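[1] model this:
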Amino acid sequence: MGRIYRIVANHPLRRGDLKPNLGSLSSEDLVKQLANPNGWHRWTAHRLLLERQDQSVVPNLKATAADGPSSEARVHSLWLLQAYAALEPAEIQHALEDSDWRIRENALRLSEPLMNRSKPLANAVLAAGNDSDPHVQFQASLTVGELQDPRSLAALARLAHQGSYDAWFRVAILSSVADSASAFFHGVLAKGESWTDPQLLVELSALIGARQNTNEIAQWFAVLTKLSQPDKFLEGLTHGLRMANARNLRVAGAEQALTRLLASSNETVQRAAWEASRFFELGTLLRHASQDAVNSDLSPARRVLAVRALRGGHFESVAPVLEKILQRIRHVRLKFAAVDSLAPFDELAAGKAILGSWRGFSPQARKHAVDALLAQQNRVPMLLKAIEDGQVEPSALDGSARSRLYENLDPAIAKKSHALLESTNSDRVKIVARYHDVVNMQGEMAHGKKPFEENYARWHMPRRQGGRVGPDLSGIHNKTKEELLTSILNPSYAIEPHFVNYVITSKDGRMYDGVIANETPGAITLRGGSEDGDDTVLRKNIAEIRASSVSLMPEGFEQNLSKQDVADVIAYLRGGL
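    Next up is the predicted model:
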């Protein structure tokens, strides 16, 4: 009820000193405080010793680290010795044999600056991979990656055998193999696909792809067709290649392996092979894809895969096929695929081909076309000119597209975008005011479910792969009708911090947007801006990242909903999902 209570025993057995005044103690006495059962006393003593840098207590710290009365005292002493630059490899080796796993875990962390200068310590670190405690094994998975020793990969392989079923163990191991991903992949695979969790090999494939080392990828393809689930491994490689923006790689054996997989009766394998093929220089396969793309005797699904594979060709050779699909073929999915295949090309002619077919696009195809036009910085002025000339309607640009324009690196483009789009797209406050009488209407909860699922659910519900791109709607029934009306018709009015839309511009002019789903020291993953899934961008490729004030959830849903529909959606939300 807002009150703070302090509860004490009626007859305390001991009264603590409320004014310990540790600052008045000698450094030697502070070392003794490291064994105090009271955590505040220990940490305060640690801080004071750190500040004093009194070298006279180094022998006391060494004695406590070796044989202190408590685990807490020993670990404090070890870290203080490191801060005093007095920690020796032999003392870490001793700590690696401690009976308390927490000491062994900390000893591994402390070993990293010294283990490459001491062979006995390096041996002890490698042996820690066989520790019985999973916490120590996990730290070993991280620490061994810093060890410059040819035995490191074998130690990491043993750790992978024990713990690769756990996602965090896999991340630790992958961070440690780094530049040795290819050697590690083949070393683990030699022991059998089931020797570790198969997902580890898939994620190693992604690392190999991201490195774009053609010799490593050739070695990878040499074993691909012998694997029981080549599609999974191909998906991993494709993820890495996509992340690194790979194009037209010349890899020995790639075409033969992919051609063999395309002849498989398994459609999943075929799909994975087509998806991977777009990153490689594959003359015969591209000619095959060009023929399949326009072959009306094949199923639309097969033709879509062929069209997507044309991304891997040179623009001048694949453009005629893609333009033919855009201009002459009515199948919606084929048009989507053709637009998506034109998107990665740098040539201005790719943008002209998309705009040249604009009037024949369905609303869904126009969304793909706008995304493709915004995928390259050099095509943005072309899109703005088309809007200015009336060729492209401003209403075709949703919140995601407008966000990319408003946050563009070029101030002139950002200014022109505001001028062209804000006057036509957005006084959302006026729209909310026009719909205000909805709050007085009687909504039907049962009727509100369908329009909610058709227009809003995809932004707020967990996706099949990955998480939400909008807030969880649990507790939404506590919102007033006025609040819900504003959120529905003006989604950018208030954006929760966890769901801010970020716009990333890469050094080669590509633009990505979405909510940040994951960050690592090497990459940022955005969710929600792409219908193909999450976009992962390597930090080394980022020119700029900006937060946008525009919601990812599109505006303009009221164009598809009557006032009664909006009242029904509000009733459905207030009824509790």
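
[2] What about Tyr165, how many residues nearby?
    Counted with other Cβ atoms under 10 Å, the neighbours of Tyr165 add up to 12. C-beta here means a position set from N, CA and C on the backbone, and glycine is covered the same way.

[3] Next: Lys449.
    The number of residues near Lys449, taken as other Cβ under 10 Å, comes to 17.

[4] surely it meets Leu573?
    No: judged on Cβ atoms under 8 Å, Lys449 makes no contact with Leu573 at a distance of 10.0 Å.

[5] ok, which stretches of the stretch 101-250 of the chain are helices?
    For the stretch 101-250 of the chain, the helices defined by DSSP state H, counting those that start in this stretch occupy 101-111, 119-127, 134-143, 152-163, 167-177, 181-189, 198-211, 214-224, 230-243.

[6] Could you name the helices and strands sitting against the fourth one?
    On a contact count with 3 or more Cβ pairs under 8 Å, 6 or more residues apart in numbering; DSSP states H and E, helix 152-163 meets helix 134-143, helix 167-177, helix 181-189.

[7] what angle separates that helix from helix 119-127?
    30 degrees (axes from the mean of the first three to the mean of the last three Cα atoms, to 10 degrees).

[8] do the same with the first one
    Compare the direction of helix 101-111 with that of helix 119-127 by the same axes, to 10 degrees and you get 130 degrees.

[9] same deal with the last one?
    Helix 230-243 runs at 130 degrees relative to helix 119-127, counting by the same axes, to 10 degrees.

[10] So for helix 230-243, mean pLDDT?
    Mean per-residue pLDDT for helix 230-243: 93.

[11] For the helix or strand following it, which residues meet the burial criterion?
    For helix 230-243, the following helix or strand on the C-terminal side (DSSP states H and E) is helix 254-262. In terms of neighbour count (16 or more other Cβ atoms under 10 Å), helix 254-262 has its buried residues at 254-255, 257-258, 261-262.

[12] what's helix 254-262 packed up against?
    helix 214-224, helix 267-277, helix 283-293.

[13] what helices or strands is the helix or strand just after the last one leaning on?
    Yep, that's helix 283-293 we're talking about. Scanning forward in sequence from helix 283-293 by DSSP H and E, the next helix or strand is helix 300-309. The helices and strands touching helix 300-309, judged by 3+ Cβ pairs under 8 Å, 6+ apart, are helix 267-277, helix 283-293, helix 315-328, helix 332-342.

[14] Report the inter-axis angle for the third one versus helix 283-293.
    Same thing as helix 315-328. Using the same axes, to 10 degrees: helix 315-328 against helix 283-293 is 10 degrees.

[15] With the first one instead?
    With the same axes, to 10 degrees defining the directions, helix 267-277 sits at 120 degrees from helix 283-293.

[16] what's in contact with helix 267-277?
    Contacting residues not belonging to helix 267-277 are listed as 230-232, 234-235, 237-238, 241, 258, 261-262, 264, 285-286, 289, 301-302, 305-306, 308-309, 312 [Cβ atoms under 8 Å, 6 or more residues apart in numbering].

[17] Ok, stretch 352-371 next?
    Around stretch 352-371, the neighbours that count as contacts under Cβ under 8 Å, 6+ apart are 319, 322-323, 326-327, 332, 335-336, 339-340, 342-343, 372-373, 382-383, 386, 391-392, 396-398, 401, 530.

[18] Kindly report the same for stretch 80-92.
    Residues contacting stretch 80-92 (Cβ under 8 Å, 6+ apart): 46, 49-50, 53, 55, 58, 61-62, 65-66, 78, 107, 110-111, 114-115, 117-118, 120-121, 124.

[19] 6 Å instead, please
    49-50, 58, 61, 65, 107, 110-111, 114, 118, 121 (Cβ atoms under 6 Å, 6 or more residues apart in numbering).

[20] Below-threshold pLDDT in the protein: ranges please.
    Where the chain drops to pLDDT under 70, the residues are 12-18, 362-363, 422-429, 454-479, 490-501, 521, 528-533, 547-560, 576-577.

[21] Highest mean neighbour count out of the helices and strands packed on helix 254-262?
    helix 267-277 (a mean of 22; mean count of other Cβ atoms under 10 Å).

[22] okay, the angle between that helix and helix 254-262?
    Going by the same axes, to 10 degrees, helix 267-277 makes 160 degrees with helix 254-262.

[23] what about the residue lying closest to Val223 once chain neighbours are set aside, distance to Leu258?
    Of all residues not flanking Val223 in the chain, Leu189 sits nearest, at 6.6 Å (Cβ to Cβ, 6 or more residues apart in numbering). Leu189 is 19 Å from Leu258, where distance means Cβ to Cβ, to the nearest Å.

[24] What of Ala433?
    Ala433 is 58 Å from Leu258, by Cβ to Cβ.

[25] Also Tyr512?
    Relative to Leu258, Tyr512 is positioned 27 Å away (Cβ to Cβ).

[26] same check, this time on Ala154
    Look at Ala154 and Leu258: by Cβ to Cβ, they are 32 Å apart.

[27] same question, Arg539
    31 Å.

[28] Next, count neighbours for the residue nearest to Val439 when sequence neighbours are not counted.
    Among residues not flanking Val439 along the chain, Lys481 sits closest, at 4.2 Å (Cβ to Cβ, 6+ apart). Using other Cβ under 10 Å, Lys481 has 18 other residues around it.
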